[in-house]
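Asks: Requesting a structural model of the entry that follows:
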Amino acid sequence: MKITVDEVKCQNHGLCAISAPDHFELDADGKLAYQETFDGENLDAIEDAIDSCPLQAIVMDRDAA
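Replies: Numbering: from 1, shown residues only. Purely as a prediction, here's the structure:
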């Protein structure tokens, strides 16, 4: 599975990093960094992160390897 973050929409609120800290984090400059691919193990946390984004900047592709 693959995560894509629209960097134009994203305003680095960090709610995704709170929901799924293993996959999202704010770097030292406050800019979002994320793990693009993942297996289904942390799917619930990833879905929570997607739902928590106030700007709907995160998209998940379940079919991507």
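
Asks: where does the chain have low pLDDT?
Replies: Applying pLDDT under 70 to the chain flags residues 65.

Asks: And the strands in it?
Replies: Counting by DSSP state E, the chain has strands at residues 2-5, 24-26, 32-34, 58-61.

Asks: Figure out which of the ones you listed is closest to residue 14.
Replies: strand 24-26 (5.0 Å; C-beta to C-beta). For glycine as for every other residue, the C-beta is placed from the backbone atoms N, C-alpha and C.

Asks: Take the strands of the chain and write them to JSON lines, including mean neighbour count.
Replies: Below are the strands of the chain laid out as JSON lines (neighbours: other C-beta atoms under 10 Å):
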{"stretch": "strand 2-5", "mean neighbour count": "16"}
{"stretch": "strand 24-26", "mean neighbour count": "18"}
{"stretch": "strand 32-34", "mean neighbour count": "17"}
{"stretch": "strand 58-61", "mean neighbour count": "16"}
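
Asks: Switch these over to TSV; also include distance to residue 13.
Replies: Output for the strands of the chain, formatted as TSV (distance: least, C-beta to C-beta, whole Å):
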stretch	distance to residue 13
strand 2-5	12
strand 24-26	9
strand 32-34	9
strand 58-61	11
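
Asks: Which one, of those strands, ends up nearest to residue 51?
Replies: Closest among those, using C-beta to C-beta: strand 58-61, at 9.1 Å.
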